[in-house]
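**Q** What follows is a protein structure lacking sequence information:
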């Protein structure tokens, strides 16, 4: 087996499986050996299901010999985020109170991946309750970045990104509420897609049983190639069974057939979340290249004031997380929120008010959000895509000290509130827009830098299509040297 096969794209691996050049069992065992050799340094694949995966891989090989195909992912070994329920495996969300919780059913999205032929070999690490831009918890410990073990792979899908970047899995499937797919992909030099809200059912992605879809929350793939994103999206997208009786999903064709002629906005200047020089330079270099290729790249601005946008984002994000609180914790939150003046716009005040809001407040904010969505719809009538930073900084050193609200990020010598980096994820999240992350180069220190490609609502194939063009002509995934050995 070629030494670099572990770092191939999922699309290329699926083609090799279909052609018989490699068997599903051989490929699975190759990834298992790599996990057993390399994961001690990363701590990425924290729930392992190797024996069941081997049985399924053998069944995939038997089916292929009979001329049967399970789908486009037939026999492909992959990981999924720990937060997905998979029957017979632990689902803890990093919470010690659930350390012995074993799922008795499989989430809809994972069932759909399996129906498309995927072989799930294990689950990947997360932060406590999926609520951090790093990945560590008291159940499984800390996950590290394969490009620099002293740095974080991001969160909350950090284990999945670390595994894929280090060649421990063909791909990973994660979730994204406030950047949980996009931040790890950016920090680990990968491709990832945050779908338009509502495109992929979230049922079964929950710590306790839940039928309702949480506001903002979406599910999507993390991969080494932009070519992989659309097959994974198509495998899981579409209505739940009951809804399918009345409607189907048909995503519009990609606007990004070629770079020439594309109308692209570029947004980089937000004082509340400044960019590292390396990130700004990477985006400016990309914009210059796009102009040379015939794209029209123009400066963009938010439809509303940045501070108001962040306040709206925090209200909705914290509204979702409040639903996960027990009664005692929620009562503490109500008392905390009462301490802040109505005009206090500090991050702790915004977070507290978001957690403690009345439904009336949420409805008023939702009406404002619909106005924001209408403004973006107008914008995308005159623009095909919007480019923003994947993250404002490259992967930063692991910092598990204190509460998130008290931490600071060093951005070229400037101390910036830790939570401010989430601003760039909120642009697509709060308005339900699709966003695709693509690597565009390295920092002077060799760390990955990425762009977020944002499109109109349901314009998922356009953002993915643009990422494919960048991969073909500009930059792509490169394996971390420390994990190149078989």
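**A** Good, I have the coordinates. Quick caveat, the model's predicted, so the values are computed rather than measured.

**Q** tell me the helices in this protein, going along the chain?
**A** For the chain, the helices defined by DSSP state H cover 10-19, 24-42, 50-65, 108-115, 158-165, 182-187, 229-236, 277-292, 306-322, 327-337, 347-356, 359-382, 423-430, 460-473.

**Q** Among those helices, which comes closest to residue 252?
**A** When these are compared by CB to CB, helix 460-473 sits nearest residue 252, at 6.7 Å. In short, each C-beta sits where N, CA and C put it, glycine included.

**Q** before we move on, the earlier item: can you tell which of the helices of the chain is closest to residue 76?
**A** Closest to residue 76 of those is helix 10-19 (CB to CB; 5.3 Å).

**Q** In space, what's closest to residue 100 - neighbours in sequence excluded?
**A** residue 90 (7.5 Å; CB to CB, 6 or more residues apart in numbering).

**Q** returning to what we had before: will you turn the helices of the chain into TSV that also has mean pLDDT and mean neighbour count?
**A** Formatted as TSV, these follow (pLDDT from 0 to 100; neighbours: other CB atoms under 10 Å):
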stretch	mean pLDDT	mean neighbour count
helix 10-19	98	20
helix 24-42	98	19
helix 50-65	98	17
helix 108-115	98	21
helix 158-165	99	35
helix 182-187	98	34
helix 229-236	98	22
helix 277-292	98	17
helix 306-322	92	20
helix 327-337	81	13
helix 347-356	82	21
helix 359-382	97	14
helix 423-430	98	25
helix 460-473	98	23
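
**Q** Select, out of these, the one closest to residue 123.
**A** If we rank those by CB to CB, the stretch that ends up nearest is helix 158-165, at 8.0 Å.

**Q** and the angle for that closest one with helix 10-19?
**A** 60 degrees (axes from the mean of the first three to the mean of the last three CA atoms, to 10 degrees).

**Q** and helix 158-165 with helix 24-42, angle?
**A** If you take the same axes, to 10 degrees, helix 158-165 sits at 120 degrees to helix 24-42.

**Q** Which strands or helices does helix 158-165 pack on?
**A** helix 24-42, strand 45-48, strand 77-81, strand 119-124, strand 172-176, helix 182-187, strand 218-223 (3 or more CB pairs under 8 Å, 6 or more residues apart in numbering; DSSP states H and E).

**Q** export the ones you listed to a markdown table and tack on distance to residue 452?
**A** Listed next are these as a markdown table, based on distance: least, CB to CB, whole Å:
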| stretch | distance to residue 452 |
| --- | --- |
| helix 24-42 | 25 |
| strand 45-48 | 26 |
| strand 77-81 | 20 |
| strand 119-124 | 22 |
| strand 172-176 | 11 |
| helix 182-187 | 6 |
| strand 218-223 | 13 |
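
**Q** Mind checking the ones you listed for the one nearest to residue 11?
**A** Using CB to CB, the helices and strands packed on helix 158-165 put strand 218-223 closest to residue 11, at 8.6 Å.

**Q** for the residue most central in space within the chain, what are its contacts?
**A** Among the residues of the chain, the one closest to the centroid is residue 181, at 1.0 Å (CA atoms, centre = their mean). By CB atoms under 8 Å, 6 or more residues apart in numbering, the contact set of residue 181 is 157, 174, 175, 192, 193, 194, 220, 222, 437.

**Q** how about residue 296, what does it touch?
**A** Taking CB under 8 Å, 6+ apart, we find residue 296 in contact with 261, 262, 263, 264.

**Q** Tabulate these (TSV), appending neighbour count and distance to residue 129.
**A** Formatted as TSV, the contacts of residue 296 follow (neighbours: other CB atoms under 10 Å; distance: CB to CB, whole Å):
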residue	neighbour count	distance to residue 129
261	12	45
262	21	39
263	14	40
264	22	36
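
**Q** Do you know the pLDDT at the closest residue in space to residue 18 that isn't next to it in sequence?
**A** Spatial nearest neighbour of residue 18, excluding adjacent residues (CB to CB, 6+ apart): residue 74 at 6.5 Å. Residue 74 carries a pLDDT value of 98.

**Q** now swap in residue 357 and tell me
**A** 89.

**Q** With residue 325 instead?
**A** According to the prediction, residue 325 has pLDDT 75.

**Q** from memory it sits against residue 333, does it?
**A** Yes - the criterion here is CB atoms under 8 Å, and residue 325 meets it with residue 333 at 6.9 Å.

**Q** Give me the domain ranges for the protein.
**A** 3-259+439-483, 306-365 (automatic domain parsing).

**Q** Quick one: closest of the ones you listed to residue 388.
**A** Taking CB to CB, domain 3-259+439-483 is the member of those nearest to residue 388, at 4.9 Å.

**Q** From the contacts of residue 296, pick the one nearest residue 473.
**A** For these, the nearest to residue 473 is residue 262 (12.7 Å; CB to CB).

**Q** For the closest one, which residues are in contact?
**A** Counted by CB under 8 Å, 6+ apart, residue 262 has contacts 255, 256, 290, 295, 296, 384, 385, 466.

**Q** Can I get those in TSV including distance to residue 78?
**A** Conversion of these to TSV gives the following (distance: CB to CB, whole Å):
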residue	distance to residue 78
255	29
256	26
290	32
295	34
296	38
384	31
385	28
466	24
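
**Q** These in strands, which ones?
**A** Among the contacts of residue 262, the subset assigned to strands under DSSP state E consists of 296, 385.

**Q** Would you mind saying which of the helices of the chain lies nearest residue 130?
**A** Nearest to residue 130 among those is helix 306-322 (9.1 Å), distances taken as CB to CB.

**Q** Next, the angle from that closest one to helix 359-382.
**A** Going by the same axes, to 10 degrees, helix 306-322 makes 130 degrees with helix 359-382.

**Q** That concludes my questions; thank you for your assistance.
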